[in-house]
Every structure is written in C-alpha cells, then in structure tokens.
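Enquirer: I need the structure of the sequence given here:
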Amino acid sequence: MNRKAFLLGLYATGSQVLLLRELVSSLNGDELFIGTAFFGWLMAVAAGAYFGGKPRLMVGSGALFLCGVVLLPVALAATRLSPFLVSDVIGEIIPFSTAAVISIVVMLPVGIVSGWLFPCITREGRTPSASIVQVYLFEGIGAFVGGVMILTLVGGLISSLQMAVVLGIIVLAGYRFSYSNLSTATGVLAALVVVALLIAARYAVPHLDAYIDSAKYRSYTVEESFDTHYGHQTILSRDSTIVLLTDNTIEAVCPDLQAAENLLIPPLAYNPAAKEVLFIGRTEFGVAQLAEKLQSLSITALDPRHMLSDVLDNVLPLVGPAERIEDDPIAYCLSGYASRRYDIIVLNPDGLDNYKNSRLITGRFLTTVKSLLKDEGLVFLPTRYDTDRYITQEEKELLSMISNVFAGSFRHVQLWPGNTTLLFASDASLFDIPYDSIISRLASLEYAPRYISEDYLYDRLDAFKIERLQAAVSGSEKVNSMNRPLLAHYQAIYRAKAHEFDKAFISLILGRPVLSVTIPLLIVLFFAWSIISGKRENRFGLFLYFTAGLVSLSLELISFYVYQSSAGSLYSEMAVLIGAFMLGLALGVYYAMKKGQAGTGHTALVILLVLILLFLTTYNRVQPALLLFYHLFFLFAAAAATGGLFVAATNRYYPQGSEQNRGAGYACELVGSSVGALFTTTILLPVVGLHWLLISQAMLIAVALIGSFLTRPRV
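Expert: Next comes the predicted model:
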C-alpha cells in the first residue's frame, strides 16, 4: 500500500505540473489560467476520490495506473493543439472564456484517475482512519519527489512530452516491482526493459514533439522548439523572416525595422548624448542591429533565458556592441551586482497579461531601476496601446494606472500618443522641449531613422493628441502594486473586448467580483451546518478537511506570488519551494500519527494562525539574500501544520470502526483546495489586496479554531 501511495503522489503531482506548464505555454502564457486549471484539476480529483470510494465502483489500482499513464501524454498533445479550436493564425490571442474552459476540460481525465486511485489504495488498509492518513503521508512523499524531479528536468534536459512518457514508464515499473514475488532473473530482465524504454523515450519522443509543432505551425518552417524554465519557445522561419514565439505568442519578428526604431530611437530624442543603454528584453531581433549603426552607443540586454540565447546564436547571432546579462530583471537589480549606471533604461516586457511581467510596473521595482540611472538618465516604456485616433475606456484605465506608477517614482513623466503609446520618465527636466528641438536632435544622430521621421513625428506629437492623452490618464488614481496587482486584470478586460461574450464574461468575473462576497457566505453556512446538533463531532471533520485544503493551497499560491514579486525569479526556485511544501505536509502527517493527540486539531490551527500573522507583518521586510530561506521555512511550516490538521479531520470524520466512504474526506479537502486555487490569486488578490487576503485566511482559521472547541469529542 505504501509503495502504491508513493507512486500515486509521483504520478499526480507530475501530471499536474506538466499539464499546467503545457496550458500556460499553449494559451498565451497567461497566469490567470493557472487558477482555472487548478480548479479543474482539484474538482476532478475530488470527484474521482468521492466516486472511487463507493464500494459499487471499485476498480483495481493497476488498471487505474495504466489508464492514467496513457491519458497523460494524450492530454498534453491535445492541450498543445487546442489553439486550433479558435484559429489557425499563429500567435492569435485566445479568448479568456474559451481558454478557461480548455484549462478545466484538459485536467478532467487525468485528475479523475488520480482521485480514484486514493480510495482504491486506502482499501488495502485495516481501518479507514489509519489507511487514509498513511496513504496521504506516502502520497506527500511521492509528490515531493515528483515535483522536484519534473521541475528540475523539464526545460533543462527534456521536454514536457518526454517527461510524461518517462513518468509513465517509472510509475508502471514501480507498480510492477511493488510485488515482492518476482524472481531475481525476472527482476533483472524487467530492469533492463525499463532502461531500454527510457532510452527509447529520450530519443523517440522528440520526433513526436517536432511533428506536433510542424502540424501546429504548418505554414512555417520550425527551426527550433524547446521548453525552458520560463515557458515554451518556438523559432519559425519563412522566406527571410524569423519569428520568435514565447508561449504561443509572437514576441519578436526579424526583420522589423519599424519595431526596432520604436524601441530605441525615441528616448534618444531626449538624451541624444546617451552612451550606455540597459535594454530589459531581447535585442537580437533588430535592436542590436540598429544599435550597431549608432557607434557611440553601448547596449546591454537583460533577460534570464540563457537557453534561448544559446539557440539564437545559431539562428540569429547577436551582432554589434550589444552584450547579454542572463538574469531576471528584479533579481539582478536587487542583487547588488548592478554596479554600472545607464543613460537610458528600456523596459520591454512581453505583454502585461500576467504577474510575471506586470511586476516590472510597480513602484518598488521602478525605485530600484532609478538607482541604476545616471543624473540625466531616463526610463523608456513602449506600450501596445493605440491612442492615435481614439482612446477607449479600457486604454484610459490601463495607461492611467501605468502613468500613476511612474509618477510615484519619478518627478517627470511624458507620454507620446500613437499606435504604440510611449512613456518616458526621469527625475531630470528633459521633456519640456519644443518639437523643433526633438527633430534636430534626431537629425544629429549617426543613423537617420526611416520611420521615426519628421513627417511621422509631426502627426504623432500633435498638440491636440498630447493634450487628449494627458487628460485621459489623469482621470484615475489607481496604481499597480505588489499589494494590489491590478494591471494584469485590467489587461485581461482590455484583451477581451475583441469578443463580445468574452467581454461580458470577464467583466462579470473581474469587474464585479460578487463571488468575493458569496464564497465567505457559503463557508459560514457550511460552518453552521457542521456544528449543529446531531453527529456534529463527525460533521466538523468535513469542515476541517475543507479548511486544510483551502488555507494550504491559498498560502502556497500567495507565497509563490510574493517570492516572484520580491526576488524576481520563481521558476528556477519553484522546485525547491514545492518540495519544501510537500515534505512539510508528509512530515506533519507523520508527526501527528506518532503523537496520537491530533484529534481536535487545536495545535495545528494555532500554528497556522501564527504563521499567517507573522507572514503578514514580515514578508515585505526580508533581505534579498534571505528571501528563499524565508519562503522555504514558511511553506514547510504551513504544510506541516496542514498535515496535522488533515490527521485531526480524519480522526473526527472516521472514528474507530467507521466504514464511511474513504474518499469523502479527501474529496472535501480537495474542494477547499479548488476554491483557494480559483479565487486566491486569480480574482481576490487584485480586488481585496494581499493584506486583506491574508487577514481573511487568518479569520477562517480563527473560525475553525472556535468550532473545534465547540465540537470537541466527548471523553
């Protein structure tokens, strides 16, 4: 039973991580889909656990493992091809409503199998409470191993699809070896077969990867397609054009002189004597080539994707005076290694649809960036918003929010209207110059711009357009911050305007989050039902299950968000963070089992309450060098307390001799987790802010603690 529980954790966590990676990379890299995908996964696992716990629906664990191993690569391939449901145009944005449905549906088959395996394996135990806790313990250990293994290998050594096949081979081999009646000869032969299959997967699956990408981008030649720790990269070519796709979204095209000029020439109009430029983004697709023509200019590119750099050196070599710093922008700026000072810093995030990119438009990051500027230096942000002829309400809100963030960090902010609105910020008085001076400065450059020309700027810098844009951005005081990351949500509303249904759906969910009120009300009703007369001691066990699931996943997602916003990187450290959480969960269960006094769960609830309050008061004061250790300790401790709470809930709901559905309690915990996954960072974080989100978690723990005292089992 213990070995099978370990394999369950290995398979379930591996499947979840691989499907999440594939969903994000196939659906335009939007983090909002992580919440809906988590929701779909957890609800599927809950349904599988509940129905699998019914005696009439008993299925052998071997058949379930085999079914799951087959379903996982099929689900990954279906996810990668899912954009075809919307359009065959490369890089076209998928409507949020469609993507949300896809992210839920692709999780269902594998999730149901994973949930069904839990009660199936627990039936091998002697008593419900002991077997459930024991399976939960070894599932946590397997999940720890699976999470670290997959998040370490995928993107560095092998692709997601390769890992799915390798995971299936390991799970089936482990299941077969779990039987001790194998002879020595049979065991050696089986081991050799497993090694041969792993080698075959290493060299055969990439051909399937290439075939899928060729079918997906059939009008182009696929030069390279590979996974990194930051997402999926594809490099396409057609005729003399090179296209870089990041998570199925067009990041850059070469040649595209107009885009390159818009990224580099405008800030030189305000600082023509600039020598040092820091460019946050990729420079190979035209910017480096353009900088080569400006011989007095030295440009440094800051981007963490070293694997992409290695591939681009073969497809589109870096030229000119540009050099690379392969590090995350926030991590680099906070590390203290940035000793150079720059005349111009160009922020070129690949869209503002997610927290990973929008974290660069916060006062905290801009203050750090400002310390890298010379006295007459400026920051330049090219946006994708069209304010040339008409400014929509969504564009007003987004540009106002961005402008307010910059105005909070710099004394002077200037906006240029146009089909790509440009923003300049500096502490020096650089922008109050007449139009003729801008033209003469650009004319004095070593390179004569083809697109940023006098005729083009005459229309773009029309006084009426500038005044209209300034009036539009002055109508709101909202800012994007670490406490309330509004930018990604407003960007989702802006992006949804291309589809009427999507616009209505997004506005309902994000614009009017009534669920932020209804969910607490439902929790209160559930709490009231669990403590009414009758078998309230047993019923309250379900509420403890629900609380453990909701709080643990919410705190995990909050920790990921805060770490990414503070330290800059996340994907490279996510493996060890998830590992710490799963290890803490397993050890918390083990300690509570050995202690034998976790029936009420008081201690676990008090520990969770203290941890939340400590995190609330200290998360923003941690030194950069200690951030990883801080979050490792927080996740480990929170998970250990959750493990103790799970044991307490099991002892409550499954008293000695009970033969109740062994999947019901686990399913209730997963329902709580699914609520936390869907609402914590996807909806509630921008609505109520990080502080109130943590306070609400503390309030839920306090309610559970009160209920735990009210429903103490009679001695």
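Enquirer: pretty sure residue 589 contacts residue 642?
Expert: No. The pair residue 589 and residue 642 fails to qualify as a contact (C-beta atoms under 8 Å) at a distance of 9.0 Å. Backbone N, C-alpha and C define where each C-beta goes, glycine included.
Enquirer: Check the offset of stretch 98-108 from the chain's centre.
Expert: Offset of stretch 98-108 from its chain centre (C-alpha atoms, centre = their mean, to the nearest Å): 16 Å.
Enquirer: buried sites along that stretch?
Expert: Neighbour-count burial for stretch 98-108 flags 98, 99, 100, 102, 103, 104, 106, 107, 108 (criterion: 16 or more other C-beta atoms under 10 Å).
Enquirer: just the residues you listed now: which is nearest residue 77?
Expert: residue 106 (10.3 Å; C-beta to C-beta).
Enquirer: quick one, what contacts that closest one?
Expert: Residues counted as contacts of residue 106 (C-beta atoms under 8 Å, 6 or more residues apart in numbering) are 19, 23, 37, 40, 75, 78, 79, 82.
Enquirer: Let me know the closest of those residues to residue 331.
Expert: Sorting the contacts of residue 106 by how near they are to residue 331, with C-beta to C-beta, puts residue 23 at the top with 25.6 Å.
Enquirer: Pipe the buried residues of stretch 98-108 into JSON lines and attach secondary structure per row.
Expert: JSON lines is the format used below for the buried residues of stretch 98-108 (DSSP: H, G, I helix; E, B strand; the rest coil):
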{"residue": "98", "secondary structure": "helix"}
{"residue": "99", "secondary structure": "helix"}
{"residue": "100", "secondary structure": "helix"}
{"residue": "102", "secondary structure": "helix"}
{"residue": "103", "secondary structure": "helix"}
{"residue": "104", "secondary structure": "helix"}
{"residue": "106", "secondary structure": "coil"}
{"residue": "107", "secondary structure": "coil"}
{"residue": "108", "secondary structure": "helix"}
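Enquirer: Residue 341 - how many residues pack around it?
Expert: Number of residues near residue 341 (other C-beta atoms under 10 Å) recorded here: 13.
Enquirer: hang on, I meant residue 206
Expert: Neighbours around residue 206, by other C-beta under 10 Å: 16.
Enquirer: Surely it is within a helix?
Expert: Yes. Under three-state DSSP, residue 206 falls within a helix.
Enquirer: in terms of contact, does it touch residue 162 like I think?
Expert: Yes. Residue 206 lies in contact with residue 162 (C-beta under 8 Å); the separation is 6.9 Å.
Enquirer: Next one: residue 9 from residue 650, what distance?
Expert: When distance is defined by C-beta to C-beta, to the nearest Å, residue 9 is 17 Å away from residue 650.
Enquirer: In terms of neighbours, single out the busier of these two.
Expert: In this view residue 9 and residue 650 are compared by other C-beta under 10 Å, and residue 650 has more residues nearby, 29 against 26.
Enquirer: Name the SS class of that one, please.
Expert: helix.
Enquirer: one step back: nearest to residue 423, of the contacts of residue 106?
Expert: Checking the contacts of residue 106 against residue 423 by C-beta to C-beta gives residue 23 as the nearest, at 32.0 Å.
Enquirer: can you pull the pLDDT of that closest one?
Expert: Per-residue pLDDT puts residue 23 at 82.
Enquirer: and the helix or strand hosting it, what does it pack onto?
Expert: Using DSSP states H and E, the element containing residue 23 is helix 2-26. With contacts defined as 3 or more C-beta pairs under 8 Å, 6 or more residues apart in numbering; DSSP states H and E, the packing partners of helix 2-26 are helix 32-52, helix 61-81, helix 108-122, helix 128-153, helix 160-177, strand 231-238, helix 571-595.
Enquirer: What helices and strands are in contact with the third one?
Expert: Judged by 3+ C-beta pairs under 8 Å, 6+ apart, helix 108-122 is in contact with helix 2-26, helix 32-52, helix 61-81, helix 128-153, helix 664-679.
Enquirer: distance between the ends of stretch 226-246?
Expert: In stretch 226-246, first residue to last residue: 10 Å (C-alpha to C-alpha, to the nearest Å).
Enquirer: where exactly do the strands run in the stretch 301-450 of the chain?
Expert: Taking DSSP state E, counting those that start in this stretch as the criterion, the stretch 301-450 of the chain carries its strands at 323-325, 342-347, 373-382, 412-416, 422-426.
Enquirer: Run through who's touching the second one.
Expert: So the one you mean is strand 342-347. Under the criterion C-beta under 8 Å, 6+ apart, residues 263-264, 267-268, 271, 273-281, 300, 360-361, 369, 372-374, 376-382 lie in contact with strand 342-347.
Enquirer: filter the residues you listed to the buried ones?
Expert: Among the contacts of strand 342-347, those scoring as buried are 263-264, 267-268, 271, 274, 276-281, 300, 360-361, 369, 372-374, 377-382 (criterion: 16+ other C-beta under 10 Å).
Enquirer: domains for the chain, by residue range?
Expert: Following automatic domain parsing, one gets these domains for the chain: 1-217, 256-496, 513-715.
Enquirer: Output those domains in CSV, with distance to residue 243 appended to each entry.
Expert: Converted to CSV, those look like this (distance: least, C-beta to C-beta, whole Å):
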stretch, distance to residue 243
domain 1-217, 7
domain 256-496, 9
domain 513-715, 23
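Enquirer: re the thing from before, quick one: buried residues of the helix holding residue 23?
Expert: For helix 2-26, a neighbour-count test (16+ other C-beta under 10 Å) marks 2-26 as buried.
Enquirer: Could you do stretch 148-158 as well?
Expert: For stretch 148-158, the neighbour count (16+ other C-beta under 10 Å) marks 148, 149, 150, 151, 153, 154, 155, 158 as buried.
Enquirer: wait, doesn't the last one sit right on residue 202?
Expert: The reference is to residue 158. Yes. Between residue 158 and residue 202 there is a contact at 7.1 Å, judged by C-beta under 8 Å.
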